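Asker: Got a predicted model here, sequence first, then my questions.
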Amino acid sequence: MELGPGPCALPAAPPAAGTGTGSAAAAGGPCAEMLQVAEEAFRGGNFELAAEIYGSELAGLPQPERGLCLRRADALARAGRMAEALDAYGAAGRLGRLRPEELRELAESFALSIRDKELRLPPWGGSGGGPGGAEGEGLADPACCRPPELFACPLCRRLLCEPVTLHCGHTHCRRCAEPGDCGRCHRPRRPADTAAAAASPPSPAAPRPRVNVVLGNLLHKWFGPESRARRLRAEGDALRERQELPAALEKYNQALEMAPCKCSLIAQRAELCTSMKNYQQALHDADVLCRSKPHWPAGHYVKAKALSGLERTEEALKEFLYCVALNPEWSSMKKEAQKIMCEMFFPAFENVHDSLTAPFSSRTSHTRLKPAFLSSINTQSAAEDSSIAGSSKDTVFRLTKNPSQESDVFRSTDSAVSHHVLDLYFEDNKKSLGAILSSLPGVGLKRKLSSDLRDLQSLDVPSKIPKKDADVLPENTAVTSGEIPTTLVDASDFECSLCMRLFYEPVTTPCGHTFCLKCLERCLDHNPHCPLCKEKLSEFLASRTYKKTVLTEELIVRYLPEELSERKKVYEEEMKELSNLNKDVPIFVCTMAFPTIPCPLHVFEPRYRLMIRRCMETGTKQFGMCLADDLKGFADHGCILEIRDVKFFPDGRSVVDTVGVRRFRVLSHGQRDGYNTANIEYLEDKKVEGPEYEELVRLHDSVYDQAVAWFTSLKDNMKVQILNHFGSMPGKEPEPQSNPSGPAWYWWLLAVLPLENRAQLAILAMTSLKDRLIAIRRVLIFVTRKRPR
């Protein structure tokens, strides 16, 4: 498995001044073709070949080149030849100061070995995303502490605490929702009703989001202890942000007393104790976590921080490497491990002059860690002649003052000798890196092989992952199962307070109350305030985009499927009844309307807001228009209008663009929810044939010519007003009887002629085109004679 893009690749050209390789480049540098082969071998996973090529190229140089030493060290580390890798990194350090970022391959190789040999985990199959995602994966709660997916906050992934529903319909913890956009759809928390408002910065006085009352009650009912512990934890987090650390610790302790799963809370408390410099308590908590959840990266993270605070650097390194082993994309932990290794293994090489002049004894405190560190990383099994052991150890750990002698070591391409002897030296190479690091003896580099071997063999090494004991935390199977006991599921918890039925398309207001979408819309038609708490909802009303509360709807679908099916059936029956265009057709009582003629309407009455909305929801987009009648409420004849567009104002009013479709006769009058309805039958013209048809065509053409002449004779300002309101006069149709309601130009003319509504209504009710043409001709003759000359 390859974690990084390759070794610390450097060009074959002469390096910058200060690296000590200028003379080598001048005397004929390394072969560019061979370096290219080595690079390709490294990228292809053939690390042994890459290491041998780099070593061969180094052997041909008069002076070692730092870049090649680093590349050889990376290849050796990837190949699992850690002793030689450390020597190669040391050689690079002698030629120029080693930086932590140059030890990336070494850290990843150690972590790979731990993951494979100690943790026995499969190869990493992470997202491969950026470091941000990897950091989140490293600190995410363990599976036992995670709530059912439905009840998890999209941002913090924990049980919802004080759930608030945003404008988009998704629900978050209140603390998570306050900073910015939705964690699921990434839309702004607050809707912008205008482009200017969207471009302007958010107001500092914006109200804090309110808790969703329905969901908040459900969480307390279904997840009592978890919900209370979650709230205490949130309060502790808030106190910690304000640097009130003792008070935050008290909240965490209270939460731990009632939380069914304590892992993430203990990790939180350990971090807090680290911030308070109470490292012993933090270490105790971290030990409990690592014993209970050995494969949870966050447990090793808090332990590493506590050990760092106690200045137990070697053990901290072990835990940082465990973090990387468990999550190889956790970049911050990798950097910490690289930093410690740079300081621990190569302190004598931070400056080339210091490394050549410092006393030998001053460099033993860190380099003595190498044997213990390597004992669990060495991957080759070996059985070589013990006579080689002494010279091999001297080769690996020699820190000579003579650079030429060191060059002989690093030019050697036969690394098998030192590697096999190290295997012989550390017979128990199955021991874990963590166990050996935690029990390192305080010895120097000059100890004899036999003494070192006896000390290592006598260690009583504890297991890194022991069996559960008294400190191991219990699993919280109730929370993670996602199953809510049927005794806790009650349909009354999902009941709309307006219709007293199960929520259908639930919508939550900014004040936290939930209603059926249709129920809320009807209330807002009358009053822009919440039906329960009376809070003003002007901004909510202005948006006109009521999003369903996703979580509430998902809970109903999952836990109340039968009740939802029955509720849906009732709704569909209502919609079917409303979509009938012959029975109980909605009637708008206002003005005259004619087929094919536009009829713009300004809708402001609550009953007609409801009526227009229902026409849109059913998909018919049609309603009747009639004149008012003192006795019956509305006239016996009218015209069906079809909605072409609706523009809403922030206060709920709207401008509706409609056009006449066909005429009808009222059979019976009725009412529904405040507006008028009617059972109707549609009117069509009676068609004629033969001589009657020829006479109809002549009459049609004659009246059309009269109409054109009358309109042409009007004053310009009057013609402009007519054209602006009704549009241009339609052309003459070749077949007068092609439309059941007659030619379009006729209705245009009837609309613009100065006639009373009652006269227009009488003509609208006629089913004979000939009679209507005769009537309109009389009107034309009359208005032509009365027109002032």
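Answerer: Yep, that arrived.

Asker: The stretch 1-150 of the chain: strands as residue ranges?
Answerer: Counting by DSSP state E, counting those that start in this stretch, the stretch 1-150 of the chain forms no strands at all.

Asker: Okay, now the unreliable bits of the stretch 451-600 of the chain?
Answerer: Within the stretch 451-600 of the chain, the stretches with pLDDT under 70 are 451-482.

Asker: one more time with 50
Answerer: Scanning the stretch 451-600 of the chain for pLDDT under 50 picks out 451-470, 477-480.

Asker: which residues in it form strands?
Answerer: Along the stretch 451-600 of the chain, the stretches classed as strands by DSSP E, counting those that start in this stretch are 506-508, 514-516, 585-589.

Asker: For the first one, name the packing helices and strands.
Answerer: So the one you mean is strand 506-508. Counting contacts by 3 or more C-beta pairs under 8 Å, 6 or more residues apart in numbering; DSSP states H and E, strand 506-508 is packed against strand 514-516, helix 517-526, helix 550-559. Using the backbone N, CA and C atoms, a C-beta is placed for each residue, glycine as well.

Asker: Let me see the contact set for residue 497.
Answerer: Applying C-beta atoms under 8 Å, 6 or more residues apart in numbering, we find residue 497 in contact with 513, 515, 531-532.

Asker: what's the answer for residue 305, then?
Answerer: For residue 305, the contact set (C-beta under 8 Å, 6+ apart) comprises 270-271, 274, 282, 316.

Asker: Adding secondary structure, pLDDT and neighbour count, write those residues out as CSV.
Answerer: Shown next, in CSV, are the contacts of residue 305 (DSSP: H, G, I helix; E, B strand; the rest coil; pLDDT from 0 to 100; neighbours: other C-beta atoms under 10 Å):
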residue, secondary structure, pLDDT, neighbour count
270, helix, 94, 29
271, helix, 93, 21
274, helix, 93, 20
282, helix, 93, 26
316, helix, 93, 22
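
Asker: per-domain residue ranges of this protein.
Answerer: Following automatic domain parsing, the chain resolves into domains at 1-130+329-355, 362-399+415-463, 486-570, 581-682, 691-786.

Asker: How much space separates the residue nearest to residue 567 when sequence neighbours are not counted from residue 650?
Answerer: Once flanking residues are discounted, residue 567 sits nearest to residue 502: 4.5 Å by C-beta to C-beta, 6 or more residues apart in numbering. Counting by C-beta to C-beta, to the nearest Å, the gap from residue 502 to residue 650 is 31 Å.

Asker: returning to that earlier point: mean neighbour count and distance to residue 723 added to the strands of the stretch 451-600 of the chain, as JSON lines?
Answerer: Putting the strands of the stretch 451-600 of the chain into JSON lines (neighbours: other C-beta atoms under 10 Å; distance: least, C-beta to C-beta, whole Å) gives the following:
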{"stretch": "strand 506-508", "mean neighbour count": "25", "distance to residue 723": "44"}
{"stretch": "strand 514-516", "mean neighbour count": "24", "distance to residue 723": "46"}
{"stretch": "strand 585-589", "mean neighbour count": "23", "distance to residue 723": "26"}
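
Asker: can you tell which of those strands is closest to residue 633?
Answerer: Comparing the strands of the stretch 451-600 of the chain against residue 633 with C-beta to C-beta, the closest turns out to be strand 585-589 (7.0 Å).

Asker: before we move on, the earlier item: out of the helices and strands packed on strand 506-508, indicate the one that is most buried.
Answerer: Most buried of the helices and strands packed on strand 506-508, by mean neighbour count (mean count of other C-beta atoms under 10 Å): strand 514-516, with a mean of 24.

Asker: Neighbouring strands - and their directions - for it?
Answerer: In the sheet, strand 514-516 lines up against strand 506-508 (antiparallel) (DSSP bridges).

Asker: Residues contacting the strand it pairs with, please?
Answerer: With contact meaning C-beta under 8 Å, 6+ apart, strand 506-508 is reached by 165, 169, 212, 214, 494, 496, 514-517, 520, 546-549, 552-553, 556.

Asker: Recalculate using a threshold of 10 Å.
Answerer: Strand 506-508 is contacted by residues 163-167, 169, 171, 210, 212-215, 494, 496, 513-521, 540, 546-553, 555-556 when judged by C-beta atoms under 10 Å, 6 or more residues apart in numbering.

Asker: Just the pLDDT for the most centrally placed residue in the chain.
Answerer: Residue closest to the average C-alpha location in the chain (C-alpha atoms, centre = their mean): residue 184, at 4.0 Å. On the pLDDT scale, residue 184 is placed at 73.

Asker: And residue 637, by the same measure?
Answerer: pLDDT for residue 637: 96.
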